[in-house]
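Peer 1: Following is a predicted model, sequence given first.
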Amino acid sequence: MPLIAPLAKLVGELRRLPGIGPKTATRLAYHIISIEKERALSLARAIVSAKENITYCSICYNLTDQTPCQICRSEERDSHLLCVVEDPKDVEAMERTHEYHGKYHVLHGALSPMEGIGPDNLKMKELLIRLGTGDFQEVIMATNPDVEGEATALYLSRLLKPLGLKVTRIAHGLPVGGDLDYADEMTLSKALENRREM
């Protein structure tokens, strides 16, 4: 028996989310319609609010509800250290370690010629401008330990070395092919602690 139209529409929208297949989308849709109306409306309001109120920081390009973001505004952060990550979720992963106290720069992806993603598609130009105007001494490459992340780190290190900056790479305590977002705090702490110069 086919799903009724409103339920089929909900399943269809849920399937568009990353990592959600048809069975999971159907299970989530049935759960949403089975909860109290106020909880469902609260979920809908949270989605709309996040979409309307979250933007990118004008300095680091991390997600924020005010720009500059809290990390960029903080005077307690080490303004000599800059950690370069691929995605906003990687900032959260690094923050969970409680080991890193510098600033961030979010590239919004990694180099991937196969997918047509080059330096102009990432926040690399903004990174170079920021490094030229800041007081940074070390740039930590914390891109994912996969082919694209390694290529991005290597490309950036070659651009940054002539600027007289110390360029380091987080140690490979992380599994190759994995994402920072899925690493536990201890693994990320060790990777950060054992970073090496590139």
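Peer 2: Right, received. Where do you want to start?
Peer 1: Check the closest residue to residue 60 other than its chain neighbours and give its pLDDT.
Peer 2: Take residue 60 and drop its neighbours on the chain: the residue closest to it by C-beta to C-beta, 6 or more residues apart in numbering is residue 104, 4.9 Å away. (Each C-beta comes from the backbone N, C-alpha and C, glycine too.) pLDDT, residue 104: 98.
Peer 1: host element of residue 104?
Peer 2: strand 102-106 (DSSP states H and E).
Peer 1: Okay, domains of the protein per the record?
Peer 2: Here the domain parsing of the chain from automatic domain parsing is 5-53, 75-197.
Peer 1: Can you check which of these gets nearest to residue 65?
Peer 2: Proximity to residue 65 (C-beta to C-beta) singles out domain 5-53 among the domains of the chain, at 5.2 Å.
Peer 1: I figured residue 146 was touching residue 177, is that so?
Peer 2: Yes. Under the criterion of C-beta atoms under 8 Å, residue 146 makes contact with residue 177 at 5.1 Å.
Peer 1: The two - which one has more neighbours?
Peer 2: Each of residue 146 and residue 177 has its neighbours counted (other C-beta atoms under 10 Å); residue 146 has more, 18 against 10.
Peer 1: Look up how far residue 92 lies from the more buried one.
Peer 2: As judged by C-beta to C-beta, to the nearest Å, residue 146 and residue 92 stand 19 Å apart.
Peer 1: can you check residue 111 too?
Peer 2: Distance, residue 111 to residue 92, using C-beta to C-beta: 22 Å.
Peer 1: before we move on, what about residue 110?
Peer 2: As defined by C-beta to C-beta, residue 110 lies at a distance of 18 Å from residue 92.
Peer 1: next one: residue 112
Peer 2: Shown here: residue 112 relative to residue 92, a distance of 23 Å by C-beta to C-beta.
Peer 1: ok, now residue 187?
Peer 2: Using C-beta to C-beta, we find residue 187 at a distance of 15 Å from residue 92.
Peer 1: Quick check: phi and psi at residue 83.
Peer 2: Residue 83 adopts backbone torsions of phi -100, psi 120, taken as degrees, to the nearest 10.
Peer 1: can you pull the pLDDT of it?
Peer 2: 97.
Peer 1: Quick check: beta-bridge partners of it?
Peer 2: Counting by DSSP bridges, residue 83 is bridged to residue 104, residue 140.
Peer 1: Give me the neighbour count for it.
Peer 2: Residue 83: 24 surrounding residues under other C-beta under 10 Å.
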